[in-house]
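Novice: Structure of the sequence below:
(chains A and B)
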Amino acid sequence: GAVVSQHPSWVICKSGTSVKIECRSLDFQATTMFWYRQFPKQSLMLMATSNEGSKATYEQGVEKDKFLINHASLTLSTLTVTSAHPEDSSFYICSTRENANTGELFFGEGSRLTVL
Amino acid sequence: DAKTTQPTSMDCAEGRAANLPCNHSTISGNEYVYWYRQIHSQGPQYIIHGLKNNETNEMASLIITEDRKSSTLILPHATLRDTAVYYCIVRESDYKLSFGAGTTVTVRA
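Specialist: The predicted model follows:
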C-alpha cells in the first residue's frame, strides 16, 4: 500500500532557530500534500495545502511566513518552522492522496517538535 | 461543510465487538463518510469509508443509515491494539479532512 514517510520523527531545538520537516510519498507521485498540526490532547488542525510547483494554500490564522512550505517535486514536501518558539511545539503530520477516485488520504508518522 | 458528532469516550472488552456511533445529520448527497484512527503519538490510520452502502474490509465494517444522517463503525473483535482515538469525518471539497474530537476507545483485557 501507499506509504508516506516523515523525517525527523522528533526534533528538539532552541527558541529562534528554524526547523525543517520532510514529507515523502514513497510509492506514488503526490501533486497535493496536506500539513496538519496537533497540540497535546487536541485534534488535528489543517494548516495548509501544499501543491507541487505552486504556492501553498494556508488555512485562516496560519502564518505563511512562519510556516514555509515547499513542494518542489512530486514526492517531497517540506515544512519549515521559522524562528521557532515554545508555542510552536506540537505534533506535525502530513498527508497525501493516493487514490484519485476515492480521495483516500494516507498520513505520515508525524514529527514531534519541541522548542526549548 | 457537514460536521460530525461522536461520543467522547468508550470502553470495550477485548474480544468483543466495538460499535462506534457517529451523527452527521447535515451531510450532503455527494459527501463520503470516512473513519480514521490515531494511536497515541502516531499519524492517523485509514480504516474505511462509504457513501451510502454498507462497507466491510479486513479492519472493520461501516453501517450507514438509509437517510445517511448517521453511521456506525464496527470493530468485530476488539484487541488491546485497537485502543486509539477514532475519528468520523465527512469529506470536504478538495479531499481535505476536518478532524473533530473523535471517540477515545479503550479496549480492556
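Novice: got the residues of chain B near chain A?
Specialist: Within chain B, the positions near chain A by C-beta under 8 Å from any C-beta of the partner chain are B:32, B:36, B:38, B:41-46, B:49, B:87, B:91, B:94-102. C-betas here are computed from N, CA, C, even on glycine.
Novice: Excluding sequence neighbours, find me the nearest residue to B:Ile74.
Specialist: Distances taken as C-beta to C-beta, 6 or more residues apart in numbering or on different chains place B:Ser61 nearest to B:Ile74, at 4.4 Å, with adjacent residues excluded.
Novice: is stretch A:63-79 up against chain B anywhere?
Specialist: No - figure legend: stretch A:63-79 not in contact with chain B (C-beta under 8 Å from any C-beta); closest approach 14.0 Å.
Novice: Send me that stretch as CSV with only the CA atoms.
Specialist: Extracted C-alpha coordinates of stretch A:63-79, given in CSV (Å, rounded to 0.1, in the frame of the first residue of the first chain):
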residue,chain,number,x,y,z
GLU,A,63,1.2,32.5,9.2
LYS,A,64,2.6,31.7,5.8
ASP,A,65,5.9,33.5,6.6
LYS,A,66,6.4,31.5,9.7
PHE,A,67,5.4,28.1,8.3
LEU,A,68,7.2,27.9,4.9
ILE,A,69,6.0,25.1,2.7
ASN,A,70,7.9,23.9,-0.4
HIS,A,71,6.7,21.2,-2.7
ALA,A,72,9.3,21.2,-5.4
SER,A,73,8.9,17.6,-6.5
LEU,A,74,6.0,15.1,-6.8
THR,A,75,7.4,13.0,-3.9
LEU,A,76,8.6,15.6,-1.4
SER,A,77,7.0,18.4,0.5
THR,A,78,8.8,20.3,3.3
LEU,A,79,7.5,22.3,6.2
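Novice: Beta-bridge partners for the residue nearest to B:Ile74, please?
Specialist: Under DSSP bridges, the beta-bridge partners of B:Ser61 are B:Thr56, B:Ile74.
Novice: hang on, isn't A:Pro8 packed against A:Ser111?
Specialist: Yes - with contacts counted by C-beta atoms under 8 Å, A:Pro8 reaches A:Ser111, the gap being 6.0 Å.
Novice: Looking at these two, which has the bigger crowd around it?
Specialist: A:Ser111 (24 against 13; other C-beta atoms under 10 Å in any protein chain shown).
Novice: Tell me, please, where in the chain the pLDDT is lower than the cut-off.
Specialist: No chain specified, so I'll use chain A. Along chain A, segments meeting pLDDT under 70 span A:1-2, A:98-103.
Novice: Not quite, go with chain B.
Specialist: Within chain B, the ranges that satisfy pLDDT under 70 run B:1-2, B:92-95.
Novice: can you pull out the strands in it?
Specialist: When assigned using DSSP state E, the strands of chain B occupy the ranges B:9-13, B:18-23, B:33-38, B:45-50, B:55-56, B:61-64, B:70-75, B:84-90, B:103-108.
Novice: Of the ones you listed, which is nearest A:Glu87?
Specialist: Taking C-beta to C-beta, strand B:33-38 is the member of the strands of chain B nearest to A:Glu87, at 22.4 Å.
Novice: Let me know how buried residue 43 is, in neighbour terms.
Specialist: Because you didn't say which chain, this covers chain A. A:Ser43 has 15 nearby residues by other C-beta under 10 Å.
Novice: try again with chain B
Specialist: So B:Gly43, with other C-beta under 10 Å, has 22 neighbours.
Novice: quick one, what contacts the residue nearest to it when sequence neighbours are not counted?
Specialist: Among residues not flanking B:Gly43 along the chain, A:Phe107 sits closest, at 3.7 Å (C-beta to C-beta, 6+ apart). For A:Phe107, the contact set (C-beta atoms under 8 Å, 6 or more residues apart in numbering or on different chains) comprises A:4, A:93-95, B:36, B:43-46.
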